[in-house]
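**Student:** The amino acid sequence is not available; the structure is as follows:
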């Protein structure tokens with residue numbers, strides 16, 4: 001059984017019980033990432049507005065930064081004004097999945113602010129860590145520290161693997 005992530009989650013949610021509802025929960029999210037790594041985006045179509053510094057990717061969008069992968073039907077990338085090629089913000093919509101080899105998070109949309117290394121996922125958020133799931137309406141992830149906060153109502157489900 002993967003005890004460490006479950007124990008960290010249990011400690012973070014100490015006031016709540018499995019299946020209980022809360023308004024906010026601090027979580028240990030293993031979606032930690034080196035935000036200085038390059039960001040690669042692939043899609044079926046790309047539309048660019050140079051004057052606004054915006055690129056819109058549609059159709060089977062895949063964003064990869066190290067081990068972190070994000071998929072969505074639509075992605076809007078905002079570039080920093082004055083710094084050619086520097087991504088400032090990534091906004092994914094239409095059903096978003098964010099994964100690494102250990103965890104997965106799903107939501108209706110996600111905003112990744114590259115400079116601060118934070119991702120905010122909203123709309124029926126589901127975080128899966130092994131056999132443990134956590135659901136709420138908003139998940140904020142700090143990619144540099146791997147910490148997060150789920151806002152709710154927050155629902156948790158702890159399952160043992162029979163050991």
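**Tutor:** All right, it came through fine. All figures in this text were calculated on a predicted structure; none of them were measured in a lab.
**Student:** so where do the helices sit in this protein?
**Tutor:** With helices called from DSSP state H, the chain shows them at 3-12.
**Student:** Below-threshold pLDDT in it: ranges please.
**Tutor:** 1-33, 35, 83-84, 160-163 (pLDDT under 70).
**Student:** buried sites along stretch 116-135?
**Tutor:** With burial defined by 16 or more other Cβ atoms under 10 Å, the residues of stretch 116-135 counted as buried are 117-122, 125-130, 132-135. Glycine gets a C-beta too; all of them are placed from N, C-alpha and C.
**Student:** next one: stretch 66-77
**Tutor:** Buried, per 16+ other Cβ under 10 Å, within stretch 66-77: 68, 69, 70, 71, 72, 73, 74, 75, 76, 77.
**Student:** which residue sits closest to the fifth one, ignoring its sequence neighbours?
**Tutor:** Leaving aside its chain neighbours, residue 72 sits nearest to residue 92 (3.7 Å; criterion: Cβ to Cβ, 6 or more residues apart in numbering).
**Student:** same deal with the second one?
**Tutor:** In space, not counting the residues next to it along the chain, residue 69 is nearest to residue 99; the distance is 5.2 Å by Cβ to Cβ, 6+ apart.
**Student:** what's across from that neighbour in the sheet?
**Tutor:** residue 69, residue 104 (DSSP bridges).
**Student:** Residue 75 versus that one, what's the distance?
**Tutor:** In this view, residue 99 and residue 75 are 16 Å apart by Cβ to Cβ, to the nearest Å.
**Student:** how long is stretch 124-134 from one end to the other?
**Tutor:** 11 Å (Cα to Cα, to the nearest Å).
**Student:** typo on my end, it should be stretch 39-58
**Tutor:** 17 Å.
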